[in-house]
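Trainee: model this:
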Amino acid sequence: MTDAPLPYRRNVGIMLLNRAGLAWVGRRKDTPDAWQMPQGGIDPGEDPRTAALRELEEEIGTARVAVLGETAGWLRYEFPPELQRKGWMKRFAGQEQKWFCCRFLGRDADINLETEHPEFDAWRWVPVEDLVGLIVPFKRAIYESVVAEFRPLAIPG
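Mentor: Down below sits the predicted model:
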């Protein structure tokens with residue numbers, strides 16, 4: 001009997017920028033003071049771009065966006081031990097993510113956190129430079145990579 005390593009769950013993340021070049025972050029309902037950008041799993045047979053737009057609809061109630069870019073490759077992070085024992089996370093070592101940078105084309109009033117399965121209880125626009133400091137420690141390296149890759153796109157527009 002072998003203990004095969006756990007796989008990584010395929011996932012997408014979205015850096016959503018408003019016209020002022022600020023990034024959207026939401027405060028997780030299940031973790032006080034944990035902020036993050038929208039992200040979620042890729043359904044079987046779904047391509048990453050389609051998953052990203054679906055996740056925006058599911059998490060913030062709108063996908064009124066233009067896709068500006070995507071990460072060149074996949075980025076990985078591991079779940080901390082205390083999370084690896086919870087629910088679906090037991091089956092995975094962590095997540096392997098494809099990130100998309102999108103320009104929000106709607107109005108703030110178009111964002112609705114009261115979705116079918118709400119994940120956030122508050123949201124705000126922040127300077128891209130502030131993102132990494134808001135994020136839980138185990139995701140910070142991913143956010144550093146995403147910010148570095150998308151910083152040129154985070155201009156007012």
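Trainee: In which helix or strand does the closest residue to Arg64 other than its chain neighbours reside?
Mentor: Leaving aside its sequence neighbours, Arg64 sits nearest to Gly106 (CB to CB, 6 or more residues apart in numbering; 3.7 Å). Bear in mind the C-beta positions are built from the backbone N, C-alpha and C, glycine included. Counting by DSSP states H and E, no helix or strand carries Gly106.
Trainee: so how many other residues sit close to Gly106?
Mentor: 14 (other CB atoms under 10 Å).
Trainee: Which pLDDT does the model give Pro81?
Mentor: Confidence at Pro81, expressed as pLDDT, is 82.
Trainee: What about it, how many residues nearby?
Mentor: There are 7 residues near Pro81, going by other CB under 10 Å.
Trainee: What's the mean pLDDT across the lengthiest helix in the chain?
Mentor: As assigned by DSSP state H, the longest helix anywhere in the chain is helix 48-60. Mean pLDDT, helix 48-60: 97.
Trainee: Just give the number of residues close to Asp43.
Mentor: That count, for Asp43 with other CB under 10 Å as the rule, works out to 11.
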